[in-house]
Structure formats: C-alpha cells, structure tokens
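A.B. asks: Sequence first, then the predicted structure, then my questions.
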Number of protein chains: 2
Amino acid sequence: MIDTKSKILDTAESLFGKCGYAATSLRHIISEAGVNLAAIHYHFGSKQDLLDQVILRKVRPINKRRLELLDQFEAEAAPGPVCIEKILEAFIMPVMLSDRSPEFLKLMGRIHAEGLMPEIARRHFHLMMERFFTAIRQAMPEMPQEELEWNVHFTLGAMAHMLSVQPVVFAESPSKPSFKVAWQLVAFASSGFRAATDPEKEIEVNR
Amino acid sequence: MIDTKSKILDTAESLFGKCGYAATSLRHIISEAGVNLAAIHYHFGSKQDLLDQVILRKVRPINKRRLELLDQFEAEAAPGPVCIEKILEAFIMPVMLSDRSPEFLKLMGRIHAEGLMPEIARRHFHLMMERFFTAIRQAMPEMPQEELEWNVHFTLGAMAHMLSVQPVVFAESPSKPSFKVAWQLVAFASSGFRAATDPEKEIEVNR
DNA sequence: TGACAAATCAATCATACGTATGATTTATAC
DNA sequence: GTATAAATCATACGTATGATTGATTTGTCA
C-alpha cells in the first residue's frame, strides 16, 4: 500500500490536470485518493503548497534534463551558438519523458493555461528560464528583443496546448501527445522562429 | 448610465479574462459592476449561460469577419486552394479587432486555456471551424491528417497564449498583444505549418 | 513493555458559492 | 391615473469550500 502522501500527490496531479486547479476541490482529491481531508494540510499545508509540490516533483527532473541537454548542445556547438532547433529540442523533449504519465502532461498544460505557471516558475525555476532565454537570444542575435519574446510565448502556448488537449476536440481527434508529436512541435516552432516577419504588415484588417 | 445587462457583460468579460472562469465568482462580478446578485440570474440564467453570452457577443462578429475574409481569399485564389498564410490570416487577424478591448482578448485566451472552448465552439460555431479545417486540408493536401490536426492545435495554443499573456511574465516583458504581434503569429504559424517534419526523428531522449 | 513522536481520524470552523424567492421599485401602455 | 410588465432589490436557501482542532491510532526506538 502506497503511503498517503504519494496517493495525495498522484491524485492531485491527475485531477488538477483533468479539471484545472481552481475547479478541483480538496474534497474531490481526498475522496478519489481515499484519504482523510486533514491529511492534505498535515502533509502539505495548503492547496497552493500542494500544487507546488505536485509540480516540483515532476518538473525538477525535467528541468535537470533540459539543462543537461542544453549543456551538451552548447558543448557540441562551441565556440558558436546553439541553433534554435537544438535549443527547442532541449526545452521541449524532456517534458515528454516524465515516466510516461499522461496525467502530468495535462497538468503542465493546465497550469500554463490557468496562468499559474509564471508565479511557480518565478518561485522555483527562474534560473532555467533565464538560461534558455539567453541561449535563444544568442541563437537569433539579429531578432529584436520583443519579437523574440513573443516567439517564445507562441512556443510555450503551443506546447501547453499540446499537453492539455482533450482526446475529443474535433470530430476526428488526434491521438494523445507523443514523442512524435513533440518532435513535430520542435519542427513547427523552430520554423516559426525562423519565419521572416514582414515589417510592412501593419495594415488594418477591419472593414 | 449604462444598463445593468451590459454592465454585467462587461465586468464578467473583464474578470473571466483576468482570473479565469472557475476562479471568478458571481459576487466578484456584481460587486465590481455595482449591481444586484439576482440581476445575473434574471438577465441570464446561470453562470454558464452568462459565459456563453459574454463570448458570443464578441465572437459572433469575429467569426463573421473570419468567414468573409476566407470567402474573399478563396475567390481570389480560385480555382486553386488558398495558401496557408491567407487562411491563418483570415482566422487570426479578426480576433484582434474586437473593438480594441484587451479585456476580451485575455478572455479568449483563458477560455481556450481552461478547456471550455471546445464545448462552446461545438455549441455555437462548429460550422466556422469546419470551414477552416477544410480549407487547411485543401491547402496542404499532402500532409497526413493527424499531423495537420496537431499543427492546428499548435496554432490555437499559440494564439490563446498570446491573448492571455499577463503583462509581466519574464523580467522584461513584451508589450500587450497588438496587430503587429498578431501578424508575427501568422508568420510564425504559417512557417510552422510548412516545416518539414523528419520522419526519422522517433528516437528517445531519456538517458 | 512503555514512552514518544508521526500519522490518521471524525467533527467542526467560518466563509463563499450558485441559485432561488418574494417584495418593491421603475418603466410602459391604455 | 391606473393597470401591467420589466427590472431591481434584500434576503435566504442548501451546499461546498479551504482550513483547523483535538482525540485516536500507528509506528519506532529505548
């Protein structure tokens, strides 16, 4: 029998991913996990702290792998900068390994989507973001800072959405996110980063 | 003095966008709008119906404009298919006009993100999605269906995230979404659609 | 075995939620 | 000006929420 703490973490991960953070109650969690309500506050402290632990448990090894890959790619590319494809590969692909738990992938997408990620990221893995941001800046030194930041946002959004997609969205729905899909995203976003933006395109669309 | 119904719609739009649907209470709305609690159920019927109305009020003209543009581009391109750049332009750019209300842009992003959009879309603008999906399929006839669907997801995710970005995400944050940024997204996603995916890239990343 | 800490438990706290009701006010039409 | 409908109001319903308490069980080491 697994210990209570793990059961809470597993169930919270699943429900936060399925329903979102705000829409998931502690009672929903404990009834599914078969534990006592007070156990959550005993082992964690608050709903917010529980969320932090749920995320950190899985994200820490992911970020570790991300930085390892970035280190490796930087070493291989030295003294030049790493190309954007490799940077995005190092950022995106490690998310998919997370011990084959699709529950967690959904959660990652949700948290991004609910706007809770910036806060958690700032508290817990600000350094990693900075490293990747710097790498991207070096990979695309000619791109204006603002344009670059927006491309990062586009990529984060695409990734979050990939992770949180429900099985049925359109009539014929795509499969669950997989390594193949993640590679497709790497290609998609890399190509997006390399897209030339037309500075003349400031025209209105209305009327 | 604006009528109660509009005040509710405006405030709900703003708060749903800022805090998300689940995290926004009706009391939060009425206190900000300065109206009575019962007014919501009188003019709408439920929180869910309020959300539907908030969305439909703004999305209907957007979808109208989307279809107009797609019609126009299809006429111009006839008898050939419309290129992916034009299709995405027709889909993305009309979102930005919504009478210059950044509140609503955030809401659109949120709703996508909270996973409420598929349900609303299925109920209210399924046709429009079908038309664009068909157009995309014709623009990229050689692309496998599944790959194509995922690219659509990537684009929706990038758009949703663009719309819902908070002013402060990184240390130096990008500006609010604008026409310029939307054009950048059109370029980003178009380029992504055209990216060649390497079918050999099925290799693992772990260990 | 006995002492002490770690963990679990049922029960309850105050508050907030979406919804509903019935009275009251305001506007519209005759 | 009175009747009828539309709109707003204060109030309350029943339930759910996150959090806390103090008693009780379980495990650990002397």
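C.D. replies: Structure's in. What do you need?
A.B. asks: If we ignore the residues flanking it in sequence, what's nearest residue A:154?
C.D. replies: residue B:158 (3.9 Å; CB to CB, 6 or more residues apart in numbering or on different chains). In this view, the C-beta of every residue, glycine as well, is placed from N, C-alpha and C.
A.B. asks: tell me the angle of the helix or strand the one you found falls within relative to helix A:145-164?
C.D. replies: Residue B:158 belongs to helix B:145-164 when elements are defined using DSSP states H and E. Helix B:145-164 runs at 130 degrees relative to helix A:145-164, counting by axes from the mean of the first three to the mean of the last three CA atoms, to 10 degrees.
A.B. asks: Flag every buried residue along stretch A:29-42.
C.D. replies: For stretch A:29-42, burial by neighbour count (16 or more other CB atoms under 10 Å in any protein chain shown) applies to A:29-30, A:32-33, A:35, A:39-40.
A.B. asks: Which ones among these also lie next to DNA strand D?
C.D. replies: Among the buried residues of stretch A:29-42, no residue lies close to DNA strand D (CB under 7 Å from any atom of the strand).
A.B. asks: what residue lies at the spatial centre of chain A?
C.D. replies: Nearest to the geometric centre of chain A sits residue A:108, at 5.0 Å (CA atoms, centre = their mean).
A.B. asks: Residue of chain A nearest DNA strand D, please.
C.D. replies: Closest residue of chain A to DNA strand D, CB to the nearest atom of the strand: residue A:25 (2.8 Å).
A.B. asks: which intervals of chain A have sub-threshold pLDDT?
C.D. replies: A:1-2, A:98-102, A:113, A:165-177, A:196-207 (pLDDT under 70).
A.B. asks: Check it for its longest helix and report it.
C.D. replies: For chain A, the helix with the greatest residue count under DSSP state H is helix A:47-77.
A.B. asks: burial count for residue A:26?
C.D. replies: Using other CB atoms under 10 Å in any protein chain shown, residue A:26 is surrounded by 18 other residues.
A.B. asks: about what we covered before: turn the buried residues of stretch A:29-42 into TSV, including distance to DNA strand C and secondary structure.
C.D. replies: What follows is those, written out as TSV (distance: CB to the nearest atom of the strand, whole Å; DSSP: H, G, I helix; E, B strand; the rest coil):
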residue	distance to DNA strand C	secondary structure
A:29	13	helix
A:30	8	helix
A:32	13	helix
A:33	9	helix
A:35	5	coil
A:39	5	helix
A:40	10	helix
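A.B. asks: ok, residue A:115 touching residue B:161?
C.D. replies: No - with contacts counted by CB atoms under 8 Å, residue A:115 stays clear of residue B:161, the gap being 10.0 Å.
A.B. asks: So if I had to pick from those two, which one is more boxed in?
C.D. replies: Between residue A:115 and residue B:161, counting by other CB under 10 Å, residue B:161 is the more crowded of the two (27 against 23).
A.B. asks: Excluding sequence neighbours, find me the nearest residue to that one.
C.D. replies: residue A:157 (2.3 Å).
A.B. asks: just checking, that neighbour touches residue B:153?
C.D. replies: No - with contact defined as CB under 8 Å, residue A:157 does not reach residue B:153; the gap is 10.6 Å.
A.B. asks: Which residue of the two possesses the greater neighbour count?
C.D. replies: residue A:157 (29 against 23).
A.B. asks: dump the residue contacts of the more buried one.
C.D. replies: A:112, B:157-162 (CB atoms under 8 Å, 6 or more residues apart in numbering or on different chains).
A.B. asks: Tell me the buried residues within these.
C.D. replies: Buried, going by 16+ other CB under 10 Å: A:112, B:157-162, out of those.
A.B. asks: Farthest-apart pair in those residues, please.
C.D. replies: A:112 and B:159 (14.1 Å; CB to CB).
A.B. asks: ok, the residue nearest to the centre of chain A - contacts?
C.D. replies: Residue A:108 touches A:17, A:55, A:59, A:95, A:160, A:163-164, counting by CB under 8 Å, 6+ apart.
A.B. asks: Out of those, which comes closest to residue A:149?
C.D. replies: residue A:160 (16.3 Å).
A.B. asks: Can you verify my assumption that the closest one contacts residue A:109?
C.D. replies: Yes - if you go by CB under 8 Å, residue A:160 and residue A:109 touch, sitting 4.6 Å apart.
A.B. asks: thinking again about what came up before, closest to chain B among the buried residues of stretch A:29-42?
C.D. replies: Nearest to chain B among those, counting by CB to the nearest CB, is residue A:29 at 15.3 Å.
A.B. asks: Would you mind confirming that the closest one is in contact with residue A:41?
C.D. replies: No - counting by CB under 8 Å, residue A:41 is not a contact partner of residue A:29; they are 11.9 Å apart.
A.B. asks: Within range of DNA strand C, give me the residues from chain A.
C.D. replies: A:3-5, A:35-39, A:42-43.
A.B. asks: For the residue lying closest to residue A:67 once chain neighbours are set aside, grab phi and psi.
C.D. replies: In this structure, residue A:67 finds its nearest non-sequential neighbour in residue A:128, 6.2 Å apart by CB to CB, 6+ apart. Main-chain dihedrals, residue A:128, degrees, to the nearest 10: phi -60, psi -40.
A.B. asks: Does residue A:128 touch residue A:64 like I think?
C.D. replies: No - with contact defined as CB under 8 Å, residue A:128 does not reach residue A:64; the gap is 9.1 Å.
A.B. asks: So for those two, which residue has more residues nearby?
C.D. replies: residue A:128 (18 against 12).
A.B. asks: quick one: contacts for the closest residue to residue A:24 other than its chain neighbours?
C.D. replies: With sequence-adjacent residues excluded and distances taken as CB to CB, 6+ apart, residue A:24 is closest to residue A:15, at 4.6 Å. When the contact criterion is CB under 8 Å, 6+ apart, the partners of residue A:15 are A:24, A:28-29, A:32.
A.B. asks: next one: residue A:16
C.D. replies: A:24, A:51, A:54, A:107, A:110-111.
A.B. asks: hmm, 10 Å instead?
C.D. replies: A:22-24, A:29, A:47, A:50-51, A:54-55, A:103-104, A:106-107, A:110-111, A:114, A:116 (CB atoms under 10 Å, 6 or more residues apart in numbering or on different chains).
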